[in-house]
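[1] Fold the following for me, if possible:
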Amino acid sequence: MTRTVIITGASSGIGREAARELARGGAEIGVVGRDPERTQAVADEVGGTAFLVDYDRLDDVRSLAERLLDRYPRIDALANNAGGLVSERGVTADGFERTLQSNHLAPFLLTRLLLPRLVESGGRVVSTASTANLLGHVRLDDLNWSKRRWGGGWRQYGTTKIETVLFIRELAKRTGLEAFSFHPGIVVTGFGSDSRSMRVANVLTNGNYGISASAGAVPLVQLAGPTTIAVESGTYFDQLKPHGRLHRQATDPLLAEALWERTSELVGLPAEV
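    Alright, predicted model coming up:
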């Protein structure tokens, strides 16, 4: 039976490389991206289907979920890989800080809307986190980061990656699905292209400050592929190493539960699954 894998952020970087590799292994790929030309190009290359979405609009995410459910009778893996870093604080059409929405609210909403199909299929959820979680600090009274100094966006980015880890842990606990998060490594891609620090790193190292996108995609391919993952569901990987280093908040089960409930409220869903 052909496996179906949905990859968000698949039009470039590690998402594109993972789509290529998983398609070579025989999977049917739902290629989700924001840029029409790049997304379609990847879909054409891997023999998959292109789906466009703007994570700055939660209604776009709801529409995406409907299209995916219409297209695929089973979903074997959902890779929440889209997201990013913004150097200047901005607000989405839904009134949320952009980093929070793209890195946490939108993938949470998409996963919840696809959850019945994933459960029926015995599927797996994989989310791209980051070692930058060590820079963050979750405040449930300031998820929008309106009460703290922005500082180029790195602390909010790291905070959303704590939220990614917490979401995956709570998803595994509440649903019994296999769910994992991972840090791909420091990857040379277009990530953070509007960030001054990333531009400086690129100039100083001539673009050699990290590993290639294909190397960064390896854990995503492994975790979203058919291979049995011989660790507890909810585990965070640092590349291929399980139980990577985490901010203490990322291992707090009470915070995970509270964040799930608050996020459900923000996206208009019941906390119960």
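[2] what number of residues lie near Thr2?
    Other residues near Thr2 number 8, with proximity taken as other CB atoms under 10 Å. Any C-beta I mention is one placed from the backbone N, CA and C, and that applies to glycine too.
[3] which residues touch it?
    With contact set as CB atoms under 8 Å, 6 or more residues apart in numbering, Thr2 has these partners: 26-28.
[4] try it again with 10 Å
    Going by CB atoms under 10 Å, 6 or more residues apart in numbering, Thr2 touches 26-28, 74, 76.
[5] mean confidence for the longest helix along the chain?
    Determined from DSSP state H, the single longest helix within the chain is helix 154-175. Across helix 154-175, pLDDT averages out at 98.
[6] Now that helix: buried residues?
    Neighbour counts over helix 154-175 (16 or more other CB atoms under 10 Å) mark 154-175 as buried.
[7] What of stretch 216-235?
    Neighbour-count burial for stretch 216-235 flags 216-225, 229, 233-235 (criterion: 16+ other CB under 10 Å).
[8] now swap in stretch 29-42 and tell me
    Applying 16+ other CB under 10 Å to stretch 29-42 flags 29-34, 38-42 as buried.
[9] in the stretch 51-200 of the chain, which spans are helices?
    For the stretch 51-200 of the chain, applying DSSP state H, counting those that start in this stretch gives helices covering 58-71, 98-100, 106-121, 154-175, 196-205.
[10] So which of those helices is nearest Thr131?
    With CB to CB as the criterion, Thr131 lies closest to helix 154-175 of the helices of the stretch 51-200 of the chain, at 8.2 Å.
[11] How far away from the center of its chain is the closest one?
    The chain centre lies 10 Å from the centre of helix 154-175; the measure is CA atoms, centre = their mean, to the nearest Å.
[12] about what we covered before: determine which two of the buried residues of stretch 29-42 are furthest apart.
    Between all members of these, the farthest pair (by CB to CB) comes out as Ile29 and Arg34, at 16.6 Å.
[13] Show me the strands in the chain, by range?
    Ranges of strands within the chain are 4-8, 28-33, 49-52, 77-80, 124-128, 178-183, 236-238, 241-242, based on DSSP state E.
[14] okay, the angle between the fifth one and strand 4-8?
    Read it as strand 124-128. With axes from the mean of the first three to the mean of the last three CA atoms, to 10 degrees defining the directions, strand 124-128 sits at 20 degrees from strand 4-8.
[15] what lines up beside strand 124-128 in the sheet?
    Using DSSP bridges, the strands paired with strand 124-128 in its sheet are strand 77-80 (parallel), strand 178-183 (parallel).
[16] any chance of those in TSV, plus mean neighbour count and distance to Asp54?
    Putting the strands paired with strand 124-128 into TSV (neighbours: other CB atoms under 10 Å; distance: least, CB to CB, whole Å) gives the following:
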stretch	mean neighbour count	distance to Asp54
strand 77-80	27	16
strand 178-183	26	24
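[17] Dump those into JSON lines; add distance to Ile6 as well.
    JSON lines is the format used below for the strands paired with strand 124-128 (distance: least, CB to CB, whole Å):
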{"stretch": "strand 77-80", "distance to Ile6": "5"}
{"stretch": "strand 178-183", "distance to Ile6": "14"}
